[in-house]
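# Generate a structure from the sequence data that follows.
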Amino acid sequence: MKFGSFLASHALRMGEKDAVVSGGERIGFAELEASTNRIAHGLRAAGVEVGDRVALYLPNGIAFVQAFIGIIKAGALVVPVNLPLSVPEIAHLLTDCEPKAAFIGSSTAAAYARAAEGRPRIVRIGADAACAADLTLAALMARGQDEPLDLPYAADDCMVAYTSGTTGRAKGVVLTQSNFVFVNGYLNGYHWRLGADDVQLCTTPLAHRTAMARLMNMILHGSTLVVMARFDAAEATRLVRDEKVTVFGMVPTVGRMMLPEIEAHPEHFASVRVMTVTGEAFPLDVKRRLADALPQVRFYSFLAQTECGAITGLDSSEAFSHPTSVGRPWPGVDVRVVDADGRTLPTGEAGEIWVRSGTPGLYSTMRCYFRRPEETAATIRDGWLATGDVGRFDADGYLYLMDRKKDMVLSGGYNIYSKEVEMALMSHPAVADAAVIGVPDPAFGEAVCAYVELERGASVDAEALIAHCREQIASYKKPKHLLFVEALPRTSTGKVQKAVLREQYAARTAA
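Alright, predicted model coming up:
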C-alpha cells in the first residue's frame, strides 16, 4: 500500500474537503492530489530518480506538505531537516545522504547555502518566489501533469529520518511507507478511532516525528490537518475553537503551556475528543488538570522511538491507575526486557527493552540505518530491535522506564544525546573535558546540564561556552546549566561517574 493510493481515494471521495489548513491558507484533497502529482513529475524532469534522496528544509506550511508527498510520489526518500539544526549539523546530513535535490525557503536559504558550500551540486527548489534557487516550486509544478507517476511496486522506502547517536554523529533511519501505514494507519486508527471527520492540530515542527505522525494521519485517514507556523498557546486556542479541532497531539511541554488557556476557556475546547502525548513522561499534575478542565476528552500517552515507532501506550482508563508506567505493548508489537546476553528477564527485573513487529521495514520497525550495515546489525537482531532504553515489566504487563542506556536527555519532546553536547563543548580550546546529564525542568521535562573541566591555566565563562555550543549544534541542545569543576568524578578505569554528578546537582538544587 502506497501513500499515493490513499490520497487518490480521498481526492475522489472528498474532493474539496480541507486536507491542510495553515496560516490562513487551505488546500483540499483534490488539489493536494493533483499538485503533488505535478511535483513528482517535476522532480523526475529535474533528474530525481527512484531511490534518490531529497532534502526538505522548509518551515511549517502547505508547501512542506506538498513537497513531502511529491517527493515520495516520485519514488525518492524525504530527508526532513529540522529548522533548529546548526549549519555543521545540516552539512553532515547533506554529506551523509547525498541528496539529488533540496526544497528550501527564504527563511532557510542562507543556512542551507553555508551547509552546502563545497559539496556536489544539489538542485535547489525554492518554495517561494523570493528564494534564490534553481527552480521555484511553482515552476516545478508547471513541468508536471496531474496523473500519478508509475513506480515500481517494490519502491517502498520513503524517508531518511536522522536521529542523533552516542557517537555524536547523526545517523539516518530508513523508514518505509509500510512502516507508517502500520503505525499511523492501523495502530493510531485502532486506538484513537481516527477518521475523515477528524480535525487534527499540529503544534510542533513538521520535520519532527510527533508532527510527522499528524501528517501521516491526514494522508492515511483523510482527516484535516491544521498546522501552526510556530506554537503559541493563545493562537492554538483560537484554532481549536474556529477549526473545531477534534484531535490535539502534543509533547508535554505544549501541554504545560496550554494549561492556562484551557483552564481559563474550556468552552473553546468543546470539540476536542482526543489528546495524545509523547516525547517524555506525561506529568501527572498536568494530566489531572487537563482531565478536570476537559472531562469529555480521552487522553492517550505512549512510548515511541524513531527506529521502531509506537511501542507501548496508556489510555484514559489507565492514566491515573498506572501514572508512572509508559503502558502496555500495542497490538502487533512484541516487547521483551533482556539481560546483556539477550535473554528474557523475569517480571520485575530491569534490563534493555527490545521490540519486534515482523519483518523490519514492513510493520513498525525501521528497515535499516542508512548506509550503516554494522550499526543496523548491532541494533536489529533476529528481527528484535534493541532500543537502548532500560525498563521492567510488572505482573500486569505494564512497562516502566528505569534509565536510558544511550545516555540521552529528553527535553521538550526532543532527543538530545549527551555525547553531541560534550563534543561541542570539547571543541572549545579552553575545555579539557565535559560531561552532560539531564536534570529536571518545570517547562521542558528535562534540561541539559554540563559539567566542565578546563585546561590548566585556561579561562572562559559559561555564557561564552554556551554561545560556542550554539554555533556547533542546534540551539535546543545547548546547556541550560553549565557548572565548572576542577576534576570530573571518575571510576578507577577513568570513566566519568554521571550518577555522582546527578547526586551533586540534586544536592545543589536542594540547598
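
# What average pLDDT does stretch 121-140 get?
The pLDDT scores in stretch 121-140 average 93.

# So what touches it?
Residues from elsewhere that reach stretch 121-140, judged by Cβ atoms under 8 Å, 6 or more residues apart in numbering: 38-39, 42-43, 46-48, 55, 58, 61, 63-64, 66-67, 94, 99-106, 109, 112, 116. C-beta coordinates here come from the backbone N, C-alpha and C atoms, glycine included.

# Let's see which of the residues you listed end up in strands.
Secondary structure defined by DSSP state E assigns 55, 101-104 of the contacts of stretch 121-140 to strands.

# Dump those to CSV, plus pLDDT and distance to Cys469.
Listed next are the ones in strands among the contacts of stretch 121-140 as CSV, based on pLDDT from 0 to 100; distance: Cβ to Cβ, whole Å:
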residue, pLDDT, distance to Cys469
Ala55, 98, 24
Ala101, 98, 31
Ala102, 98, 26
Phe103, 98, 28
Ile104, 98, 25
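
# what's the most distant pair in these?
Spatial extent of the ones in strands among the contacts of stretch 121-140 (Cβ to Cβ) is set by the pair Ala101 and Ile104 at 10.0 Å.

# Check which residues of stretch 452-464 are buried.
Of the residues in stretch 452-464, those with enough neighbours to count as buried (16 or more other Cβ atoms under 10 Å) are 452-454, 460.

# and that stretch, what's its mean pLDDT?
pLDDT averaged over stretch 452-464 gives 93.

# contacting residues for Asp157?
Shown here is Asp157, whose contacts under the criterion Cβ under 8 Å, 6+ apart are 51, 77, 174-176, 361, 367.

# I misspoke; the intended subject was Tyr190.
Tyr190 is in contact with Pro331, counting by Cβ under 8 Å, 6+ apart.

# Okay, the most centrally placed residue in the chain and Ala30: tell me how far apart.
Per Cα atoms, centre = their mean, the C-alpha nearest to the average position across the chain is that of Arg209, at 2.5 Å. Remark: distance between Arg209 and Ala30 (Cβ to Cβ, to the nearest Å) = 29 Å.

# just Gly185 next, same as before
Taking Cβ to Cβ as the measure, Gly185 falls 21 Å from Ala30.

# Output the longest helix belonging to the protein.
Assignment by DSSP state H gives helix 29-45 as the longest helix of the chain.

# Return the set of buried residues in it.
When burial is assessed from 16+ other Cβ under 10 Å, helix 29-45 yields the following buried residues: 29-44.

# and after the helix or strand of the chain with the lowest mean pLDDT, which helix or strand comes next?
For the chain, scoring each helix and strand by mean pLDDT, DSSP states H and E identifies strand 399-404 as the least confident one, at a mean of 78. From strand 399-404 onward toward the C-terminus, using DSSP states H and E, the following helix or strand is strand 408-411.

# Averaged pLDDT, that following strand. What do you get?
The average pLDDT for strand 408-411 rounds to 85.

# what does it rub up against?
279-280, 388, 404, 415-418, 436-438, 441, 444-448, 476.

# Direction included, what does that strand pair up with?
Each strand that strand 408-411 pairs with, and the sense of that pairing, follows from DSSP bridges: strand 414-417 (antiparallel).

# And the next helix or strand past the strand it pairs with?
Tracing the chain past strand 414-417, the next element assigned as helix or strand by DSSP H and E is helix 418-426.

# Restricting to C-alpha, output that next one in CSV.
Output for helix 418-426, consisting of C-alpha atoms alone and laid out as CSV, is shown next (Å, rounded to 0.1, in the frame of the first residue of the first chain):
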residue,chain,number,x,y,z
SER,A,418,24.9,13.8,25.8
LYS,A,419,27.8,12.9,23.6
GLU,A,420,26.8,15.5,21.0
VAL,A,421,26.8,18.3,23.6
GLU,A,422,30.1,17.0,25.1
MET,A,423,31.8,17.0,21.8
ALA,A,424,30.6,20.6,21.1
LEU,A,425,31.9,21.8,24.4
MET,A,426,35.3,20.0,24.0
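
# got a pLDDT number for Gly168?
For Gly168, pLDDT reads 58.

# what's the answer for Gly165, then?
Each residue has a pLDDT score; the one for Gly165 is 53.

# Span of stretch 55-62 from start to end?
Taking Cα to Cα, to the nearest Å, stretch 55-62 runs 16 Å from one end to the other.

# contacts for that stretch?
20, 22-23, 25, 27, 64, 67-68, 71, 78-81, 83, 90, 93-94, 97, 99, 101-105, 107-108, 112, 122, 127, 202, 205-207, 211, 227-230.

# ok, now with 7 Å
Outside stretch 55-62, the residues that touch it by Cβ atoms under 7 Å, 6 or more residues apart in numbering are 20, 22-23, 25, 27, 64, 67-68, 71, 78-81, 83, 94, 99, 102-105, 107-108, 112, 127, 205-206, 227-229.

# again with stretch 170-189
By Cβ under 7 Å, 6+ apart, the residues outside stretch 170-189 that reach it are 1-3, 89, 92-93, 96-97, 156-165, 194, 213, 216-217, 220-221, 306-307, 309-310, 330, 361-364, 366-370, 372, 375.

# again, 6 Å this time
Contact partners of stretch 170-189, identified using Cβ atoms under 6 Å, 6 or more residues apart in numbering, comprise 1-3, 97, 156-165, 194, 213, 216-217, 220, 306-307, 309-310, 330, 361-364, 366-370, 372.
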